[in-house]
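J.: Take this sequence and fold it.
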Amino acid sequence: MNKVYYFLIAFLILSCNRKPSETKNTNKVAEFENIVGVGYLKLTADYDECGEWGGHHEEIKIVRAEKKLFAEITKDSVDCKNLTSRKIIEKKRVALNENHKKAISDYLHELLNKSLEEQIPYHAGQWYSAETIDSTLVLNYHDAGNNWKGFMKLKVELSK
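T.: This next block holds a predicted model:
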């Protein structure tokens, strides 16, 4: 009986000292539950084909309607000789599936990492941002020559 008692105590002590294994769930998809009512998540890209004066603007707005999530995608064009001549050249609405949500979540993680790496900004370059209407999330990244393709990659994924 004594041996069983000592064995039980030793087992309990050893099991208490074990650290639980840390698992990282990289496959978890954000549900974007904070996007309700008039709320939205806006992802923008401002390009620099007109140099330090800017260029065209693209936007992906994540909204909830009819209890479903949608991406409202718009893209404009600009004449570099007349910067006030913006025209919408693309406008579409996509119902989001699980792959789309995963792509948006991955994009946000990548944008966060890029914003933390950012060097001193220049006048020209691409500007990327993500923000919620209530400013609980605000991410900005100025790409001055690194040619980051994250936004374009996200747009391609949302087209599938």
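J.: Flag the shaky bits of this structure, pLDDT-wise.
T.: 1-29, 119-123 (pLDDT under 70).
J.: What is the longest helix anywhere in the chain packed up against?
T.: Counting by DSSP state H, the longest helix found in the chain is helix 98-117. Under the contact criterion of 3 or more C-beta pairs under 8 Å, 6 or more residues apart in numbering; DSSP states H and E, helix 98-117 touches strand 40-46, strand 68-79, strand 126-132, strand 138-143, helix 150-158. The C-beta positions use only the backbone N, C-alpha and C, and glycine is treated the same way.
J.: In a markdown table, list the ones you listed along with mean neighbour count and distance to H109.
T.: Converted to a markdown table, the helices and strands packed on helix 98-117 look like this (neighbours: other C-beta atoms under 10 Å; distance: least, C-beta to C-beta, whole Å):
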| stretch | mean neighbour count | distance to H109 |
| --- | --- | --- |
| strand 40-46 | 20 | 13 |
| strand 68-79 | 16 | 17 |
| strand 126-132 | 19 | 11 |
| strand 138-143 | 18 | 10 |
| helix 150-158 | 17 | 10 |
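J.: May I see those organised as TSV, with distance to A103 added?
T.: Formatted as TSV, these follow (distance: least, C-beta to C-beta, whole Å):
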stretch	distance to A103
strand 40-46	11
strand 68-79	10
strand 126-132	13
strand 138-143	16
helix 150-158	4
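J.: of all those, which lies closest to I104?
T.: I104 sits nearest to helix 150-158 of all those, at 6.8 Å, using C-beta to C-beta.
J.: tell me how far the closest one is from the chain's mean position?
T.: For helix 150-158, the distance from its own C-alpha centre to the chain's C-alpha centre is 11 Å (C-alpha atoms, centre = their mean, to the nearest Å).
J.: mind checking which of the helices and strands packed on helix 98-117 is nearest L116?
T.: L116 lies closest to strand 138-143 among the helices and strands packed on helix 98-117, at 9.1 Å (C-beta to C-beta).
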